[in-house]
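[1] My questions concern the predicted model and sequence given below.
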Amino acid sequence: MIDIANPRPEWMPPAYGGGSILDLVHWIRARLQLRPADAEVPLVGGLPTAGSQRLVLALFDGLGDLYLRRQGAPSAMLASRRAGLSSVFPSTTASAVTTLMTGLSPASHGLNGWVCRGHGSVGLFEPLPMIYHDTRKPLRHFLRRRRLFPYRSLYQELGCISFVISPAWLIDSDFSRLHSRGAAVAGYRALDEVPELLAFALERLGPRGLVHLYVPHFDATAHDHGMTSPELAAMFARLDDCFARLAVNCDAADATLLATADHGMIDAPEDQMICLGADAAIASMLAAPLWGERRAAFCALRPGCEQAFREAIAARWPERIDVLGARQVLDAGLLGPGRPHRDLAVRIGDLLLLPRGAGTIVDAAQPQDVHRLVAVHGGLSPEEMSVPLLVAGSA
């Protein structure tokens, strides 16, 4: 049994309450809802204490703080770094981007991985492509979607003009439309178009407003090539040039540029992959396929199997997997504060499996049965949890 009050030294739990991306979006909301006579919003780790109410939040998917500090010199991004923040848990796009577009913690919005578990006959679903996990069919039933996503977007609550800028292939997806409600949206086809689109949005923003800019290129390159690859270094250089151009545009338009990431990433050697399906007895105790992430896998067990499952995991893979019960996950506050999603217990299931080191965990029988990802995210390592806070423009 893991003593969650004394987490492993290699873990970096989310810093809700002043040092996380959840707190960053709360700061943005407070800054934009201020009236001139109001007191200034509290300082949150490196954010300006005063300044423009014209804000740009640029999200560079996957660009962890440790990567930036270790491999990002010299760069405009590193020169603009004000602090480090923590991601939410799990440290993954579905959880973190939803937090940044709603101001809700994963406990409240309920999205705890690329694959999530829904109520009743919904079963497992994938929120970003908005499909059922088993059939791959679109998840479009109105009442089901209303229960799965029972919240408003950040832009519906701000009371000012907002823009969401995202890749053209993504901007019109079901997930994006749902989470961009209240904002004007614009899609780009190439990275070079991003600064021009931002300038267009800033011209129309008014004296206060928000531009949310999403850039997925770092994450995609790391998944395919890994954290030390020349391909990733080349992509970082392109993103750094883009950031510098965004900063110039913001400075000229009296706007503050805030840039961060949804998570960092870590290389995942194939020889450290744990395949539950390789042990028929262990696999037979699962009531459903694993969900969440390879670095943070949630599971549901057949009735009466929990103790036997724990013992079998410890015997087959000794010292390689930490197992947390659902109550431990909640008591530790890993999913954050706020009113819990009505189906949070279903989303968590019975146990959370956290592979140690750079390990990953799947329910396949062998690594060849799953899609190869060179770098991954979702876990509690500093590489995955720590993200930078960059401030530029008219700060």
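    Noted; the coordinates are in hand.
[2] mind exporting the helix or strand of the chain with the lowest mean pLDDT as PDB, just the C-alpha atoms?
    Ranking every helix and strand in the chain by mean pLDDT, DSSP states H and E puts helix 142-148 at the bottom, with a mean of 85. Listed next in PDB are the C-alpha coordinates belonging to helix 142-148 (Å, rounded to 0.1, in the frame of the first residue of the first chain):
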ATOM      1  CA  PHE A 142     -27.100  15.100 -27.100                       C
ATOM      2  CA  LEU A 143     -28.100  13.800 -23.600                       C
ATOM      3  CA  ARG A 144     -25.000  11.700 -23.200                       C
ATOM      4  CA  ARG A 145     -22.800  14.600 -24.200                       C
ATOM      5  CA  ARG A 146     -24.600  16.900 -21.800                       C
ATOM      6  CA  ARG A 147     -23.900  14.500 -18.900                       C
ATOM      7  CA  LEU A 148     -20.300  13.900 -20.000                       C
END
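[3] my read is V346 is in a strand, agree?
    No: according to DSSP: H, G, I helix; E, B strand; the rest coil, V346 belongs to no strand; its state is helix.
[4] please begin residue numbering at 20 from this point
    Yep, numbering from 20; the last one is V365 now.
[5] if I pick it, what's in contact with it?
    136-138 (CB atoms under 8 Å, 6 or more residues apart in numbering). C-beta here means a position set from N, CA and C on the backbone, and glycine is covered the same way.
[6] Would you mind checking the residues you listed for buried ones?
    Those of the contacts of V365 that meet the buried threshold are 136-137, by 16 or more other CB atoms under 10 Å.
[7] got the contacts of V365 as CSV, with pLDDT columns?
    Listed next are these as CSV, based on pLDDT from 0 to 100:
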residue, pLDDT
R136, 97
G137, 94
H138, 91
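[8] can you tell me which of the contacts of V365 are in strands?
    R136 (DSSP state E).
[9] Now the terminal residues of stretch 381-393, how far apart.
    15 Å (CA to CA, to the nearest Å).
[10] neighbouring contacts of it?
    241-245, 248, 286-287, 289, 292-297, 302, 305, 308-309, 313, 316.
[11] From those, keep the buried residues only.
    241-242, 244-245, 248, 286-287, 292-296, 305, 308-309, 313, 316.
[12] Nearest residue to A306 in space, ignoring adjacent ones along the chain?
    Distance criterion CB to CB, 6 or more residues apart in numbering; nearest residue to A306, sequence neighbours excluded, is A319 at 4.4 Å.
[13] so who does R335 touch?
    Applying CB under 8 Å, 6+ apart, we find R335 in contact with 298, 301.
[14] Could you rerun that using 10 Å?
    293, 295, 297-298, 300-301 (CB atoms under 10 Å, 6 or more residues apart in numbering).
[15] Let me know the closest of those residues to F255.
    Checking the contacts of R335 against F255 by CB to CB gives I293 as the nearest, at 30.3 Å.
[16] how about that closest one, phi and psi?
    Dihedral pair for I293: phi -100, psi 120, per degrees, to the nearest 10.
[17] pretty sure it contacts A377?
    No: with contact defined as CB atoms under 10 Å, I293 and A377 do not form a contacting pair (11.5 Å).
[18] which two in the contacts of R335 are spaced the farthest apart?
    Maximum distance among the contacts of R335 (CB to CB): 15.1 Å, for I293 and A300.
[19] CA atoms only for the longest helix seen in the chain, dumped as CSV, please.
    With secondary structure taken from DSSP state H, the chain has its longest helix at helix 249-271. The C-alpha coordinates for helix 249-271 follow below in CSV (Å, rounded to 0.1, in the frame of the first residue of the first chain):
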residue,chain,number,x,y,z
PRO,A,249,17.5,16.1,-33.9
GLU,A,250,13.9,16.4,-35.2
LEU,A,251,12.7,17.7,-31.9
ALA,A,252,15.6,20.1,-31.6
ALA,A,253,14.7,21.5,-35.1
MET,A,254,11.0,21.8,-34.2
PHE,A,255,11.9,23.7,-31.0
ALA,A,256,13.9,26.2,-33.0
ARG,A,257,10.9,26.8,-35.3
LEU,A,258,8.6,27.2,-32.2
ASP,A,259,11.1,29.6,-30.6
ASP,A,260,11.1,31.7,-33.7
CYS,A,261,7.3,31.7,-33.7
PHE,A,262,7.2,32.7,-30.0
ALA,A,263,9.6,35.6,-30.7
ARG,A,264,7.3,36.9,-33.5
LEU,A,265,4.3,36.5,-31.2
ALA,A,266,6.1,38.6,-28.5
VAL,A,267,6.8,41.4,-31.0
ASN,A,268,3.1,41.4,-32.1
CYS,A,269,1.9,41.6,-28.5
ASP,A,270,4.3,44.3,-27.6
ALA,A,271,3.1,46.4,-30.5
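[20] Lovely, talk soon.
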